[in-house]
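# sequence plus predicted model, see below.
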Amino acid sequence: MYLNKAMIYGNLTRDPELKALPSGMNVCSMSIATNRVYKDRDGNRQENVDYHNIVVFGNQAENSAKYLSKGNGVYVEGRLQTRSWEKDGQKQYRTEIVADRVQFGPKGGSGSSAPASGGDSAPKDDGKAPAVPDYPEEEINPEDIPF
């Protein structure tokens, strides 16, 4: 059995670019930055940023280009693919994630730190606490649950 699966969550480093293939199918390309924070051998906090090229096809491509912009958080599931072509006699390679699923994150990045893209769209804190649902005060009887 073989497995080619990629799952990443990060911030867009640039606005998505929407194009149409000769067949008429939409294709959207974007770049996502992911941060990794770790401690080195000496116990010092280190941060590493990786950049990922993403390609989305069809309706998801159109929606991604329409609703996403630089600095937005996004979750992508897909497969890794390496393309090659020749330019000026040199063989060029590009590894990218071909997305099967794109899920939009909160506007303005991850919310826990500055955007990985280094952009100026840091999350804004309006001072309001997130809404907490109203829970019933009485005990819940497990027999009342329909499943």
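Arrived safely, thanks for sending. Numbers count the residues shown, from 1 in each chain.
# for the residue nearest the centre of the chain, report the pLDDT, please.
Residue closest to the mean C-alpha point of the chain, counted by Cα atoms, centre = their mean, is residue 74 at 2.9 Å. At residue 74, the model reports a pLDDT of 95.
# packing partners of the helix or strand where it lies?
In the assignment (DSSP states H and E), residue 74 maps to strand 73-87. Packing partners of strand 73-87 (3 or more Cβ pairs under 8 Å, 6 or more residues apart in numbering; DSSP states H and E): strand 6-12, strand 26-39, strand 45-57, strand 90-104. The C-beta positions use only the backbone N, C-alpha and C, and glycine is treated the same way.
# for that strand, which strands pair with it and how are they oriented?
According to DSSP bridges, strand 73-87 forms sheet pairs with strand 6-12 (antiparallel), strand 90-104 (antiparallel).
# contact partners for the residue nearest to the centre of the chain?
By Cβ atoms under 8 Å, 6 or more residues apart in numbering, residue 74 lies in contact with 9-12, 30, 32, 64, 68, 102-105.
# mind giving me CSV with these and columns for pLDDT and neighbour count?
Conversion of the contacts of residue 74 to CSV gives the following (pLDDT from 0 to 100; neighbours: other Cβ atoms under 10 Å):
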residue, pLDDT, neighbour count
9, 95, 13
10, 94, 26
11, 94, 25
12, 95, 26
30, 96, 27
32, 95, 24
64, 93, 24
68, 93, 21
102, 94, 21
103, 93, 11
104, 91, 13
105, 85, 17
